[in-house]
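> Here's my sequence, what's the structure:
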Amino acid sequence: MTNKLVKWYKKNKRDLPWRYTKDPYHIWVSEIILQQTKIKTGLSYYLKFLDSFPDIYHLASATENQVLNVWQGLGYYQRALNMLSTAKNIVNNNNGIFPKKYKQLIQLKGIGPYTAAAISSICNNEQQGVVDGNVYRVLSRFYNISEPINTSKGAKIFQNIANKLVPEKSPGRYNQAIMDFGATQCKKYNPSCLSCPLNKDCAARKLNLIDLRPIKSKMKKYRLRYFHYLFITNEKKIIIQKRENNDIWEKLYQLPLIEGIGPLQKNVLHNHKILNGINVLQMRKKKTIKHILSHQKLEITFWIINVKHFPKNNSYQKINLKDIANYPFAKPLKKFLEIQARNT
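Predicted structure coming up:
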């Protein structure tokens, strides 16, 4: 299996910029960005990130806002904050030298078994097997593994198999091979089984179970949340605040927010404490959108509120609407604010 995958990779590997380097910083950036992100999207962010922070020193000296601005729109923002924290750690405590060994890498913030295995195998030729969604799919089909991949038992089973398959020679090349194979050959839907070099030994194919592998245990239901954002404006100025509550979009900026248990009526909003004592000149509901995250569904309503003077709150920051590009916002907020800026 290992030899066949490496042979397949030589002919079919994708032309990606991080394939031409063994710089652990570059490999790290690519692997973190590609978590929860498709290659097509991740590629542009990878290039943009390295353009802004070409090495570990540039990243370590950046501010949260600068990093989040570059990351803006990619989602799962904690990844970016973890990268910043790890960069500072490496520069301050390891003279800027990026660790290459698995056991060292796994200790760093934001680096789990998969990322540590990828970096150590590619950059230091360690025999550590990577296990991502693509690898789960290939192994579960080839060996017809029925254990759910999102259980601790399942994770151990797949990791043990992955480790045993990694060759002594060029383990990084093999790891990239099996990931590419899962992404382009052994795809989730309509895999290319007829041209697959492993098809004669694929247990799931023999049993006609390809479409049923891998198995996932049932996930928790989506949490439904209602967000009401207040676009409070006065003479092309608005107020924003930073999210600091260990919740989604932490450290990003937002408009003043009211989170409720359902839709909000205008009269209730008018009497809310945020607007207490404020001379409201005009108030109207602009639009309501739905935004889906991994385990949450958000119903977001934007309210346009023209005021004579802004409410007093130490957490609020008054800015010109034209300056929103200088602040990182979650994607739905950024889109809304850009439209308002164009129309104001």
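> who touches stretch 57-71?
When contacts are defined by Cβ atoms under 8 Å, 6 or more residues apart in numbering, stretch 57-71 is touched by residues 45, 48-49, 52-53, 77, 79-81, 83-84, 87-88, 90-92, 96, 251-252, 326-328. In short, each C-beta sits where N, CA and C put it, glycine included.
> Select only the buried ones of those residues in PyMOL?
One line in PyMOL is enough to select the buried ones among these; burial here means 16 or more other Cβ atoms under 10 Å:
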select buried, resi 45+49+53+77+79+80+81+83+84+87+88+90+91+251+252+327+328
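> pLDDT-wise, which helix or strand of the chain ranks last?
Counting by mean pLDDT, DSSP states H and E, the chain has its least confident helix or strand at helix 266-270, which shows a mean of 81.
> Run the chain-centre distance for it.
The gap between the average C-alpha position of helix 266-270 and the chain average comes to 36 Å, counting by Cα atoms, centre = their mean, to the nearest Å.
> quick one: contacts of that helix?
Counting by Cβ under 8 Å, 6+ apart, the neighbours of helix 266-270 from elsewhere in the structure are 228, 230, 258, 275, 280, 283, 285, 303.
> what residues are up against the closest residue to the second one other than its chain neighbours?
The spatial neighbour of Leu230 that comes closest, neighbours along the chain excluded (Cβ to Cβ, 6 or more residues apart in numbering), is Pro256 at 4.5 Å. In this structure, Pro256 makes contact with 229-230, 232, 239, 241, 274, 311, 316, judged by Cβ under 8 Å, 6+ apart.
> Okay, and which of these map to helices?
Members of those lying in helices (criterion: DSSP state H): none.
> The longest helix anywhere in the chain packs against which elements?
The helix spanning the most residues in the chain, taking DSSP H as the definition, is helix 78-93. If contacts are counted by 3 or more Cβ pairs under 8 Å, 6 or more residues apart in numbering; DSSP states H and E, helix 78-93 sits against helix 24-33, helix 56-60, helix 64-71.
> per-residue confidence averaged over the first one?
Mean pLDDT, computed over helix 24-33, is 97.
> Next secondary structure after that helix?
Stepping forward along the backbone from helix 24-33, the first helix or strand reached (DSSP states H and E) is helix 39-52.
> how deep is the closest residue to Leu34 other than its chain neighbours tucked in, by neighbour count?
Here the nearest residue to Leu34 in space, its sequence neighbours aside, is Gly42; by Cβ to Cβ, 6+ apart that works out to 4.7 Å. Here the neighbour count serves as a burial measure; for Gly42 (other Cβ atoms under 10 Å) it reads 21.
> Now do the same contact list for Gly42.
Contact analysis of Gly42 by Cβ under 8 Å, 6+ apart lists 30, 33-34.
> quick one: the longest helix of the chain to helix 64-71, angle?
Angle, helix 78-93 to helix 64-71, by axes from the mean of the first three to the mean of the last three Cα atoms, to 10 degrees: 130 degrees.
> Check the chain and tell me which residue is nearest its centre.
For the chain, the residue sitting closest to the mean C-alpha position, by Cα atoms, centre = their mean, is Tyr76 at 3.9 Å.
> Before we go further, that residue is sitting in a helix, right?
No: following the definition DSSP: H, G, I helix; E, B strand; the rest coil, Tyr76 is coil and is not counted among the residues of a helix.
> Tell me who's in contact with it.
Taking Cβ under 8 Å, 6+ apart, we find Tyr76 in contact with 35-36.
> mind checking pLDDT for it?
Residue-level pLDDT assigned to Tyr76 equals 90.
> and it, what are its phi and psi?
Dihedral pair for Tyr76: phi 50, psi 60, per degrees, to the nearest 10.
> and what of Thr184?
phi -120, psi -20.
> who's in contact with it?
Thr184 sits next to 12, 14 when contact means Cβ under 8 Å, 6+ apart.
> Could you do the one 4 residues further on as well?
Lys188 makes contact with Arg137, according to Cβ under 8 Å, 6+ apart.
> oh, and call the first residue 436 from now on, that's how I've got it
All right, first residue 436 from here; so that's Lys623.
> That one: which element?
Element membership of Lys623 [criterion: DSSP H and E] is none; it lies in no helix or strand.
> hmm, back to that, which ChimeraX command selects the buried ones in the contacts of helix 701-705?
A single ChimeraX command suffices to select whichever of the contacts of helix 701-705 are buried according to 16+ other Cβ under 10 Å:
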select :663,665,693,710,718,738
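> Dump the contacts of helix 701-705 to CSV, plus pLDDT and distance to Val565.
Supplementary listing: the contacts of helix 701-705 in CSV, determined by pLDDT from 0 to 100; distance: Cβ to Cβ, whole Å:
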residue, pLDDT, distance to Val565
His663, 95, 43
Leu665, 96, 45
Ile693, 93, 44
Leu710, 87, 52
Val715, 90, 56
Met718, 93, 53
Lys720, 93, 48
Trp738, 95, 47
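> Ile754 versus Gln676, what's the distance?
11 Å (Cβ to Cβ, to the nearest Å).
> no, scratch that, I was asking about Tyr549
As it turns out, when the distance is counted by Cβ to Cβ, Tyr549 lies 39 Å from Ile754.
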